[in-house]
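Colleague: Show me the folded form of this:
(chains A, B, C, D, E and F)
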4 protein chains.
Amino acid sequence: MTQRRLPPTQRREQIVGAARSLIVKQGLPAVSLRDIAAAAGVSMGTVTYHFSGIDEILGEVVVAESERFYADVVAVADAEPDARAALGVLIDPMFAKTPDVEAHWRIWSDYWAAVVRRPGMTQPYAERVRYWEACCTRVIERGVRDGTLRPVEPAAAALKLSAYADGLGAQLGQEAPGLTAALARAWMDEFTALLLFDDPA
Amino acid sequence: MTQRRLPPTQRREQIVGAARSLIVKQGLPAVSLRDIAAAAGVSMGTVTYHFSGIDEILGEVVVAESERFYADVVAVADAEPDARAALGVLIDPMFAKTPDVEAHWRIWSDYWAAVVRRPGMTQPYAERVRYWEACCTRVIERGVRDGTLRPVEPAAAALKLSAYADGLGAQLGQEAPGLTAALARAWMDEFTALLLFDDPA
Amino acid sequence: MTQRRLPPTQRREQIVGAARSLIVKQGLPAVSLRDIAAAAGVSMGTVTYHFSGIDEILGEVVVAESERFYADVVAVADAEPDARAALGVLIDPMFAKTPDVEAHWRIWSDYWAAVVRRPGMTQPYAERVRYWEACCTRVIERGVRDGTLRPVEPAAAALKLSAYADGLGAQLGQEAPGLTAALARAWMDEFTALLLFDDPA
Amino acid sequence: MTQRRLPPTQRREQIVGAARSLIVKQGLPAVSLRDIAAAAGVSMGTVTYHFSGIDEILGEVVVAESERFYADVVAVADAEPDARAALGVLIDPMFAKTPDVEAHWRIWSDYWAAVVRRPGMTQPYAERVRYWEACCTRVIERGVRDGTLRPVEPAAAALKLSAYADGLGAQLGQEAPGLTAALARAWMDEFTALLLFDDPA
DNA sequence: TATGAATGAGAGTTCATTCAT
DNA sequence: AATGAATGAACTCTCATTCAT
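Modeller: Model (predicted):
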């Protein structure tokens, strides 16, 4: 069952896509090269021919995921003239209860877990991955400039929002008693308001 | 290379201590039973004699870590009559720039990461591990009662603080650009004030 | 939780009894020294103090089991003047559907499985274990002498019955399609009649 | 010490063959994956690459053994028009005094013993393993139809023969005092005659 | 480009046995 | 006579990687 020859770019995409599905379904630690090859319908050799190792595949998955997941949201947020509304657009998907959103968080958290102690791995993907935060910074910058938001340091504020969101996400993942996605969303809004709005809005 | 006989409690402590060092140094996913045994200077058999499996060791490390790390602080906070001051006491050690604190955050974040996909691990330790949060709830309760703090729901507020602290700790661990321990501490204070104080402190 | 000192004989009996229960419940391959010690309420050290190893315990269990299980039956069969009736007494318990009988067969089949390739083990227990067959031989001898049974070679006939019973027991254990304990019993009777009776019973 | 590449079918055969030798020599419970790999001259990884686990190997050994051992005999028996002669053909190889036959009985009895406590092992191989019995049923069916044999229920009669043969084989394996292969063969014939023939043959 | 058989290091776990107490 | 902590070899199984085809 030899596959048709494919240009490397397409083959890579195909493999990365298969890996993504598996990670979402089973969690990264349970995904093996074998599984990925099988899911992509190619042989193990093909996978290692196109990628230097499993780490590279994982990295690609995360980058692709970030771009895919935030692409729309970031575009809308950047296009939205009202900074407050733009922030809403950015926060909106973080705690939505859709399969797509849950899949995204799974990939994300597995990535951090795997990557934290491997300095070589963080480097190349770190920036491309701080996609949301970068957009968030831009929006806050804009809001501060036009007076819609308090005169805060944009990058710092974005990092604060990011940290809080991560923390809430982790607690949600832990099924902390009394915490739901809706509640997390409300708390996120509350924090945003406390941090960036003058009026309690 | 037979070891001296030790009462189980001491041997367990020794093994847990060795495991803790390894987790801090290499990260939890990279720590194996063999490593732990070697680091503790005992055989693998001894390790599995005293623990039912590797999960139990990791759980013990986290519990011990929580108790060790927060024991003094929780005692002081519970004894401190002024709720605001007590909150300061609780937050104080979280972002101190000492190796000890850094080690704590590493263990903590690895634990969160590991636990998400291994539900069996959560159950036995979940409660004992929410050590800080429990004390935090008590302090806020007190503060609300005596009017020092805003009339918030104590458990919810404690969870918010906990989530933010976790998020900041994780970002610190990832060496997020522009974030230092001191800054994280300042941000934590800021959040506390926004959430619980009527005056800007 | 140190046990009272006990004379070796009693202690051995206690341990053998505990081992028997475990073998019946879990099957021999799943029974460890630890389990036996725990079930007997003594320490592992005590077990290995009284027995040279796990093999010795197993042997004792089988001998005790054979004597216990066949004691009554053999006594009755030897006392029964009518050889045909005596044979019935001997065959009776083999395919009875009682917990006691099932326990016996479990121990028995596990023993053979464990022992066959360990020549050292078979030797000391082999004879004491052919308890049923020995009685069967005596009964047939009697029957041949008094003309109740065909003039067969008693030891050979007893071995034939033993073999057929073993074979049926194995098939029963395998849950061979269409075979029940009642059917096996009927087949056993049929074989006995064909082999030893002149009239069709 | 890398081996030449081999098509999986051949490699599997080679490994199964090595496993067979070991089982015959040491008994099934004493055979480990390591032993099998070493005997086959491949690495352990290779063994687990071609088989899902040790149980699958053992199952294959038994299936291959049954087919190998009975293949010719079954073909001849099915082709033999005279049912009595066909039965002789079937029983013939069971108690021949050759190393091959002894090996067969060892494998067979070990399999029974192992299977009792591992229900998962039975399922996939149960049918393929009742090779002899199936042919025996066919032969008896034929003999009953053409009047050569008594009007018995073929499947039941085949099971009886099978059980007796198993029992005798087991006793042979245990080197029961006074039992030889020739004797077992004679007893088997005797049983067949008693069960299926009208005249004393 | 693509394949997949082969590898070997390493994972967690089990367990009869030893021996200082 | 009794204990139980300590051992280490052996177990099955997983898996990223290599490389001849």
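Colleague: The most centrally placed residue in chain A - nearest residue in space that isn't next to it in sequence?
Modeller: Chain A has residue A:66 as the residue nearest its centroid, 4.5 Å off, counting by C-alpha atoms, centre = their mean. With sequence-adjacent residues excluded and distances taken as C-beta to C-beta, 6 or more residues apart in numbering or on different chains, residue A:66 is closest to residue A:131, at 4.7 Å. In this view, the C-beta of every residue, glycine as well, is placed from N, C-alpha and C.
Colleague: Need the per-residue pLDDT for the one you found.
Modeller: Residue A:131 is assigned 79 on the pLDDT scale.
Colleague: Contact partners for it?
Modeller: Contact analysis of residue A:131 by C-beta atoms under 8 Å, 6 or more residues apart in numbering or on different chains lists A:66, A:67, A:70, A:74.
Colleague: Stretch A:57-76 and DNA strand F in contact?
Modeller: No - shown here: stretch A:57-76 not in contact with DNA strand F (C-beta under 7 Å from any atom of the strand), separated by at least 8.7 Å.
Colleague: Of all the residues in that stretch, which ones are buried?
Modeller: Neighbour-count burial for stretch A:57-76, with 16 or more other C-beta atoms under 10 Å in any protein chain shown as criterion, is recorded at A:57-66, A:69-70, A:73-74.
Colleague: Identify all contacting residues around that stretch.
Modeller: Contacts for stretch A:57-76 (C-beta under 8 Å, 6+ apart): A:12, A:15-16, A:19-20, A:23, A:28, A:36, A:47, A:51, A:86, A:89-90, A:92-93, A:100, A:104, A:107-108, A:111, A:114, A:121, A:124-125, A:128-129, A:131-132, A:135.
Colleague: same question, stretch A:152-169
Modeller: A:91, A:94-95, A:105, A:109, A:132-134, A:136-138, A:140-141, A:144, A:179, A:184, A:187-188, A:191-192, A:195-196, B:162-168, B:170-171, B:176, B:178-179, B:183, B:187, B:191.
Colleague: Can I have the buried ones of these as a ChimeraX selection?
Modeller: Selection of the buried residues among these in ChimeraX, burial being defined by 16+ other C-beta under 10 Å:
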select /A:91,94,95,105,109,132,133,134,136,137,138,140,141,144,179,184,187,188,191,192,195,196 /B:162,163,164,165,166,167,168,170,171,176,179,183,187,191
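Colleague: Now chain A against DNA strand E: closest residue?
Modeller: Residue nearest to DNA strand E within chain A (C-beta to the nearest atom of the strand): residue A:45, separated by 2.2 Å.
Colleague: And that residue, how close does it get to chain B?
Modeller: As judged by C-beta to the nearest C-beta, to the nearest Å, residue A:45 and chain B stand 27 Å apart.
Colleague: Touching stretch A:21-35 from outside, list them.
Modeller: Against stretch A:21-35 from outside (C-beta under 8 Å, 6+ apart): A:19, A:36, A:39, A:44, A:47-48, A:54, A:58, A:61, A:103, A:106-107, A:110-111, A:113-114, B:29, B:117.
Colleague: where's residue A:77 relative to residue A:163, distance?
Modeller: 19 Å (C-beta to C-beta, to the nearest Å).
Colleague: Over to residue A:42?
Modeller: 40 Å.
Colleague: Equivalent analysis for residue A:10, please.
Modeller: Distance of residue A:10 to residue A:163, given as C-beta to C-beta: 38 Å.
Colleague: now swap in residue A:25 and tell me
Modeller: From residue A:25 to residue A:163 the distance is 29 Å (C-beta to C-beta).
Colleague: And residue A:22, by the same measure?
Modeller: 29 Å.
Colleague: Ok, residue A:64 next?
Modeller: 24 Å.
Colleague: Any part of the helix or strand harbouring residue A:76 near DNA strand E?
Modeller: Per DSSP states H and E: residue A:76 is located in helix A:54-79. No - figure legend: helix A:54-79 not in contact with DNA strand E (C-beta under 7 Å from any atom of the strand); closest approach 12.8 Å.
Colleague: what element comes up after that helix heading to the C-terminus?
Modeller: Following helix A:54-79 in sequence, per DSSP H and E, is helix A:83-91.
Colleague: so that next one versus helix A:54-79, what angle?
Modeller: Per axes from the mean of the first three to the mean of the last three C-alpha atoms, to 10 degrees, the angle that helix A:83-91 makes with helix A:54-79 is 150 degrees.
Colleague: And helix A:83-91, how far out from the chain middle?
Modeller: Centroid separation for helix A:83-91 versus its chain: 17 Å, with C-alpha atoms, centre = their mean, to the nearest Å.
Colleague: What is it packed up against?
Modeller: Judged by 3 or more C-beta pairs under 8 Å, 6 or more residues apart in numbering or on different chains; DSSP states H and E, the packing partners of helix A:83-91 are helix A:54-79, helix A:131-145, helix A:181-196.
Colleague: average pLDDT for it?
Modeller: Per-region confidence: helix A:83-91 scores 93 on mean pLDDT.
Colleague: hmm, the following helix or strand past it in reach of DNA strand F?
Modeller: Per DSSP H and E, helix A:83-91 leads on to helix A:99-115 as the next helix or strand towards the C-terminus. No - Helix A:99-115 lies out of reach of DNA strand F by C-beta under 7 Å from any atom of the strand, never closer than 10.9 Å.
Colleague: now the angle between helix A:54-79 and helix A:99-115, please.
Modeller: Orientation check (the same axes, to 10 degrees): helix A:99-115 against helix A:54-79 gives 130 degrees.
Colleague: Show me what counts as buried in helix A:99-115.
Modeller: Neighbour counts over helix A:99-115 (16+ other C-beta under 10 Å) mark A:101, A:103-115 as buried.
Colleague: orientation of the one helix or strand residue A:12 maps to relative to helix A:99-115 in degrees?
Modeller: Assigned by DSSP H and E, residue A:12 falls within helix A:8-26. On the basis of the same axes, to 10 degrees, helix A:8-26 is oriented at 100 degrees to helix A:99-115.
Colleague: Beyond helix A:8-26, next helix or strand please.
Modeller: Moving toward the C-terminus from helix A:8-26, the next element (DSSP H and E) is helix A:33-40.
Colleague: so that following helix versus helix A:8-26, what angle?
Modeller: For helix A:33-40 against helix A:8-26, the angle by the same axes, to 10 degrees is 110 degrees.
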